[in-house]
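Undergrad: Compute the structure for the input listed below.
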Amino acid sequence: QVQLVESGGGSVQFGGSLRLSCAASGFPFKDYALEWIRQAPGKGIEWVAAINTYHSGGETTRYADFVKGRFTISRDNAKTTLYLQMNNLKPEDTATYFCKLPDYRDRDYWGQGTQVTVSS
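TA: Below you'll find the predicted structure:
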């Protein structure tokens, strides 16, 4: 079955950096687009970034406006791992971050999440 396990969260100060990882299994990793989403306390889910992959070997990335220039999504198909490099973190980035496999066999999957806390 599909498993997505996030890690790498923690507490940092304003302007700090973290690198999140998502170890994936149970599906053909290299063939599917993946996303990062987040949920802050008391708020709804926010889409953060997405990465597509193509049989030609190329890939494309997209970002929410509020993380452009600060966050970088990447993937290692050999390790079946998704990453999110987060730089210049702000207190408003405080949230639980989830990696998401959208629309696989007619449903979405995500992991248990990893907590990111940014203090001012």
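Undergrad: Quick check, central residue of the chain?
TA: Trp36 (2.9 Å; Cα atoms, centre = their mean).
Undergrad: Enumerate the beta-bridge partners assigned to that one.
TA: Ala49, Cys99 (DSSP bridges).
Undergrad: is it true that it touches Leu20?
TA: Yes - assessed by Cβ atoms under 8 Å, Trp36 is found in contact with Leu20 at 7.3 Å. All C-beta spots, glycine's among them, are computed from the backbone N, C-alpha and C.
Undergrad: Find residues that contact each of the two.
TA: Residues touching both Trp36 and Leu20 (Cβ atoms under 8 Å, 6 or more residues apart in numbering) are 84, 97, 99.
Undergrad: Let's test this: mean pLDDT of the helix or strand hosting Arg38, rounded?
TA: Under the criterion of DSSP states H and E, Arg38 resides in strand 34-39. Across strand 34-39, pLDDT averages out at 98.
Undergrad: Which secondary structure elements does it sit against?
TA: If contacts are counted by 3 or more Cβ pairs under 8 Å, 6 or more residues apart in numbering; DSSP states H and E, strand 34-39 sits against strand 18-25, strand 45-53, strand 81-86, strand 95-104.
Undergrad: List the buried residues for the first one?
TA: If you call a residue buried by 16 or more other Cβ atoms under 10 Å, then strand 18-25 has these buried ones: 18, 20-22, 24.
Undergrad: Just name the closest of the residues you listed to Asp103, please.
TA: Ala24 (15.1 Å; Cβ to Cβ).
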